[in-house]
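**Student:** model this:
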Amino acid sequence: MSAKIITIIVTKGSLDWAYPPLILASTATALGYECRMFFTFYGLQLLKRNLRLQASPLGNPALGSRVPVLIQTLPGMQAIFTRKMREKLHAKGVADIEELRQLCLDADVKMYACQMTAELHSFSKKDFIPGVEYAGAATFFQSAGESDICLFT
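**Tutor:** Prediction:
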């Protein structure tokens, strides 16, 4: 019996949005799934060799009334929010993005960079970590069609 296949399309490239697809991919491979990830638009940031991911409090409804929107717009708030988030992740023992990404690669997760988006943003293969392949939307649809599970993050 062949392994079940999961395809994850990754569209976001901020620190807080980097965790869900990488955690899902590493968990899927641990459960025996063949996992494929298709990174497009801002998701391409997660494939870069030099990560400089940030998290923004703006537009984050999970913060609720804890931080008023006016304060979130002040200069430096994104840097503060990012630092606090990194500190919290570290304190809770959560792996950083580089570790999760490498865990996925070591588990043979296939990582595809959207060729059109890479060209749009003037990225070249040398901008990305080793092991990333270029693919277009047709490749994503082929993978999605073969998949038992398809996720959008």
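
**Student:** after the least confident helix or strand in the chain by mean pLDDT, which helix or strand is next?
**Tutor:** Within the chain, no helix or strand scores below helix 69-72, which has a mean of 67 by mean pLDDT, DSSP states H and E. Using DSSP states H and E, the helix or strand that follows helix 69-72 in sequence is helix 77-91.

**Student:** for that next one, buried residues please.
**Tutor:** Buried residues in helix 77-91, defined by neighbour count with 16 or more other Cβ atoms under 10 Å: 78, 81-82, 85-86, 89. Quick note: C-beta positions are derived from backbone N, CA and C, even for glycine.

**Student:** how about stretch 92-100?
**Tutor:** Buried residues in stretch 92-100, counted by 16+ other Cβ under 10 Å: 95-97, 100.

**Student:** farthest pair in those residues?
**Tutor:** Comparing every pair within these by Cβ to Cβ identifies A95 and I97 as the most remote, at 8.0 Å.

**Student:** output the below-cut-off pLDDT ranges for this protein.
**Tutor:** Regions of the chain meeting the criterion pLDDT under 70 cover residues 1, 58-72.
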